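# A structural model of the following input is requested.
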Amino acid sequence: MKKKKFLTLGVMLLLILSTILAACGGSDDKDSGSKDNASGGDSAGSGGEKTLVYGRGGDSVALDPAVVTDGESFSITGNIYETLVSFGQKDMTINPGLAESWEPSEDGLTYTFKLKEGVKFHDGTDFNAEAVVKNVERWKASTDKFPYYSSQFTVGGEHVIESVTADGDYTVVFKLSQPQAPFLKNIAMSPFAIASPTAFEADEEGLSTQPVGTGPFKFVSWVRNDAITIEKNPDYHIDGLPKLDKVIYRSIPENSARLNELLAGNIDVADGINPSDKATIEGDANLQLIERPSMNVGYLGLTVTRPPFDNVKVRQAVNYAIDKQTIVDAFYEGLAEPAKNPMPPVIAGYNEDTVGYEYDPEKAKALLAEAGYDGKEIELWAMPVPRPYMPDGQKIAEAIQKNLEDVGIKSKIVSFEWATYLEKAQNGEADAFLLGWTGDNGDADNFLYTLLDADNIGSNNYTFYDNPELHKILVAAQTEIDEDKRNELYKQAQEIISEDAPWVPIAHSTPILGASTKVVNYSAHPKGSDRLVEVDLQ
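Coordinates of the predicted model:
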């Protein structure tokens, strides 16, 4: 995607005003979205502009929520866009969003949403029922372009959302082709935020770099691999919010550099903090430690269509070869637990009784011998950015490389820029790759079906794993309203996945953030991307 810079008259005036204030000994806060050390510290008690500077490990891929799958994109879009229903500020409960209320039919095939009136998109156009209809029709028209829509709302290539219609200006009716137990959880997810139809009808590709939603913040600028700036929406439909005037998201790939920027007061929040740096933050009177509730999994994916991982015994051998406990002890500093399933224990339907794979190098060697493994070197892909489920992909890759070498599997560690890494892995170009997932909606379907069902090959199923028996179970679980029966189906699914071993589940982490003590009302959300609508600076 080409870089585009948009500088409005308002921003130019702010730049001029900032220069004048700096010359007079006032705030040196700058609106660049680039390399300046902007800080919100000036705002506390001074009546100045409240600018929060957020340090993160990687850049966004795009700012159209419908087309992306990465958390760094959703961290921005979640503050620019809104969904019909929303999760709680701190948990996964379903709350009103752009819809004030909703009513499901008894058979679970119809949902009627009453929309909030008087809401406008950032381009000044009206949010209404027709806008919702046009967004859903956009998603349905190109499922290959919108991976989350394909993952959550298609089964076997068929649309779960059969139709969506406007009943007047502020009522929308969804008709489903089959009951979907997690429908409300799905529609609350970030990819299903409502964008301005005027914007995407005029320039659909442009929405990726010029987002237009209804949210508490409006897009200002984006300098690739540097910074994204958003500002307060003065016409936001909830009185008194947001508290901040501006947020600058700075991309600082090195964890240590990001921590140093926080310690120096150049940023107000630092995401992706190394677990080993927890004590440093706790020991600084000017900083606070924020723990994010765990709802994730970090894993090593084994692309089942590429030798040698087209052989299940080789995949099982790799599971036995990796010493997860040592990895957790070395790199997570007590802020994680070894994983044995593709979903974390906090999700309903987790199978405590799945056997999993204990660290057993000798069993790994025996399985490799049975498989006739030829000893050919593989590529081991290491993530270039820290993620909540994996704070240091390079170091974890090095530990895995040693484990594999010990059982006779030679590997070469490679990496790519983050967007390229995701694209190439999605296309099945990796042998073995480190990746992970933070749950979007708190449902087992969002882990097992989204990540490991054949329907999602080419979107979120990066391993190209395809098991027809698993598919039948996961589809049955989607339509099963009885929670106990659903949970049993998911337990069966985890047993099948464990046996087929397309992944090595490594860890479920408790991610940590560091922040200035001036930052108040910050809620670290389990889904990994935080809405800053209530955050303030003192």
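# contacts and neighbour counts: CA atoms only from here.
Noted.
# can you give me the strands in the stretch 251-400 of the chain?
Using DSSP state E, counting those that start in this stretch, the strands of the stretch 251-400 of the chain run over 269-270, 287-291, 296-302, 336-338, 378-381.
# neighbouring strands for the second one, and are they parallel or not?
Under the criterion DSSP bridges, strand 287-291 sits next to strand 512-516 (antiparallel) in its sheet.
# Show me where the stretch 51-200 of the chain dips below the pLDDT cut-off.
Scanning the stretch 51-200 of the chain for pLDDT under 70 picks out no residues.
# SS state for Tyr236?
On the three-state scheme (DSSP: H, G, I helix; E, B strand; the rest coil), Tyr236 is labelled coil.
# hang on, it packs against Pro216?
Yes - assessed by Cα atoms under 8 Å, Tyr236 is found in contact with Pro216 at 5.6 Å.
# for Lys243, what are its contacts?
By Cα atoms under 8 Å, 6 or more residues apart in numbering, the residues touching Lys243 are Val533, Glu534, Val535, Asp536.
# wait, is it part of a helix?
No - assessed with three-state DSSP, Lys243 is coil; it does not lie in a helix.
# sorry, back to before: which of Tyr236 and Pro216 has more neighbours?
Just comparing Tyr236 and Pro216: by other Cα atoms under 10 Å the higher neighbour count belongs to Pro216, 28 against 20.
# could you say which helix or strand contains Pro505?
Assigned by DSSP states H and E, Pro505 belongs to strand 503-509.
# That strand pairs with which strands, and in what direction?
Strand 503-509 pairs in its sheet with strand 296-302 (antiparallel), strand 336-338 (antiparallel), by DSSP bridges.
# Please identify the most buried of these.
By mean neighbour count, with neighbours taken as mean count of other Cα atoms under 10 Å, strand 296-302 ranks first of the strands paired with strand 503-509 at a mean of 27.
# before we move on, the earlier item: can you work out which residues contact both of Tyr236 and Pro216?
Pro242.
# could you dump stretch 468-484 to PDB, C-alpha only?
Taking C-alpha atoms only, stretch 468-484 is exported to PDB below (Å, rounded to 0.1, in the frame of the first residue of the first chain):
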ATOM      1  CA  PRO A 468     -13.800 -33.700   8.100                       C
ATOM      2  CA  GLU A 469     -14.700 -35.300  11.400                       C
ATOM      3  CA  LEU A 470     -13.600 -32.200  13.200                       C
ATOM      4  CA  HIS A 471     -15.500 -30.000  10.800                       C
ATOM      5  CA  LYS A 472     -18.800 -31.800  11.500                       C
ATOM      6  CA  ILE A 473     -18.300 -31.400  15.300                       C
ATOM      7  CA  LEU A 474     -17.500 -27.700  15.100                       C
ATOM      8  CA  VAL A 475     -20.400 -26.900  12.800                       C
ATOM      9  CA  ALA A 476     -22.700 -28.900  15.200                       C
ATOM     10  CA  ALA A 477     -21.400 -26.900  18.100                       C
ATOM     11  CA  GLN A 478     -22.100 -23.600  16.300                       C
ATOM     12  CA  THR A 479     -25.800 -24.400  16.000                       C
ATOM     13  CA  GLU A 480     -26.200 -26.100  19.400                       C
ATOM     14  CA  ILE A 481     -28.000 -23.800  21.900                       C
ATOM     15  CA  ASP A 482     -27.600 -26.100  24.900                       C
ATOM     16  CA  GLU A 483     -24.300 -24.900  26.500                       C
ATOM     17  CA  ASP A 484     -23.600 -28.300  28.200                       C
END
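# buried sites along it?
Neighbour-count burial for stretch 468-484, with 16 or more other Cα atoms under 10 Å as criterion, is recorded at Leu470, His471, Ile473, Leu474, Val475, Ala476, Ala477, Gln478, Thr479, Glu480.
# The first one against Glu499, yeah?
No - the criterion here is Cα under 8 Å, and Leu470 misses it with Glu499 at 11.5 Å.
# quick one: Pro338 and Leu434, what's the gap?
Separation of Pro338 from Leu434 (Cα to Cα, to the nearest Å): 15 Å.
# That should have said Phe127, apologies.
Computed as Cα to Cα, the Phe127 to Leu434 distance reads 40 Å.
# again with Pro182
Look at Pro182 and Leu434: by Cα to Cα, they are 28 Å apart.
# can you give me phi and psi for the residue positioned nearest the centre of the chain?
The centroid of the chain falls nearest to Gly71 when counting by Cα atoms, centre = their mean (2.8 Å). Backbone torsions of Gly71, given as degrees, to the nearest 10, read phi -60, psi -30.
# Contact partners for it?
By Cα under 8 Å, 6+ apart, Gly71 lies in contact with Ser60, Gly528, Ser529.
# ok, Tyr490 to Pro191 distance?
Distance, Tyr490 to Pro191, by Cα to Cα: 24 Å.
# do Asp126 as well
Applying Cα to Cα, the value for Asp126 to Pro191 is 21 Å.
# which one of these two has more residues nearby?
A direct count of neighbours by other Cα under 10 Å for Asp126 and Pro191 places Pro191 higher, at 26 against 18.
# what's the distance between that one and Thr83?
9 Å.
# Lowest average confidence across helices and strands of the chain, where is it?
The weakest-scoring helix or strand in the chain, judged by mean pLDDT, DSSP states H and E, is helix 9-23 (a mean of 35).
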